[in-house]
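Trainee: The following block contains a protein sequence and its predicted model.
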Amino acid sequence: MSSIFSPSLFSSIQFSRELLSDDAQIEALHADVFGPGRFVRAASAIREQGPHDRDLSFTARLDEQLIGSVRLSSIAVGEMRGHLLGPLAVLSDKRKAGIGKHLVNLGVEAARKAESKFVLLVGDAPYYWPMGFRPISVEAVRMPLPVTPGRLLVCELETRVMERLAGNVRHAHCIGRY
Ligand SMILES: CC(C)(COP(=O)(O)OP(=O)(O)OC[C@H]1O[C@@H](n2cnc3c(N)ncnc32)[C@H](O)[C@@H]1OP(=O)(O)O)[C@@H](O)C(=O)NCCC(=O)NCCS
């Protein structure tokens, strides 16, 4: 669907940390944007292992309507602790106004403040590249379901983390230190 949203309205959007009371609207947004296929993705398999981190997750609202959301979950790759970003979703008629990128940047900065070492996601490199994400080997960083090479992306929050990042990706809940 083409956008009917003016980028100049970006300043009217309220970005907030996610609240428990946002859950139903976020679920409705995910159902609308991703459809039933959302539960069979590699990143979903990680998210099913434990809760997302609400303190590092953000919403976008326009006139009280929830129009965008990003969630981060605490994970480990091997022994290194970081965060998984996603789902990221913006309502189809509110796109191309910078909401998605702003939500990603809010999540990454919150992860940095939480002393996370990296943010990992599965997504399109051309979209995430300007926000500091780079492809990492799907053989070195192993998701529970297959990921197309080039779609597993990392934003380093500590120097040269990518060189050291290797192992199975697990939700922090699974390693008993959540
Ligand atoms: C991806 C998404 C969150 C972007 O939201 P948004 O608010 O429109 O993003 P922004 O306004 O920050 O950026 C829009 C720009 O990114 C581009 N873009 C959007 N999705 C892209 C993609 N998958 N690959 C490359 N570029 C993309 C747009 O064409 C637009 O380019 P322009 O600025 O040159 O016009 C939104 O399109 C969405 O919800 N898509 C469906 C769900 C999804 O794919 N989520 C991401 C999973 S990895």
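Mentor: Received the coordinates, thanks.

Trainee: Please make it C-alpha for all contacts and neighbour counts, starting now.
Mentor: Fine.

Trainee: Quick one: list the elements packing against the lowest-mean-pLDDT helix or strand in the chain.
Mentor: Among the helices and strands of the chain, helix 42-47 carries the lowest confidence by mean pLDDT, DSSP states H and E, at a mean of 89. When contacts are defined as 3 or more C-alpha pairs under 8 Å, 6 or more residues apart in numbering; DSSP states H and E, helix 42-47 packs onto strand 118-122, strand 167-171.

Trainee: again, 7 Å this time
Mentor: strand 167-171 (3 or more C-alpha pairs under 7 Å, 6 or more residues apart in numbering; DSSP states H and E).

Trainee: Output the longest helix belonging to this structure.
Mentor: helix 99-113 (DSSP state H).

Trainee: Go through that one and flag the buried ones.
Mentor: Ile99, Gly100, Lys101, His102, Leu103, Val104, Leu106, Gly107, Val108, Ala110, Ala111, Arg112 (16 or more other C-alpha atoms under 10 Å).

Trainee: mean confidence score for it?
Mentor: Across helix 99-113, the average pLDDT comes to 98.

Trainee: now the angle between strand 118-122 and it, please.
Mentor: For helix 99-113 against strand 118-122, the angle by axes from the mean of the first three to the mean of the last three C-alpha atoms, to 10 degrees is 140 degrees.

Trainee: for the ligand, what are the nearby residues on the protein?
Mentor: By the rule C-alpha under 6 Å from any ligand atom, the part of the chain lying against the ligand is 33, 88-90, 95-101, 122-124, 126-127.
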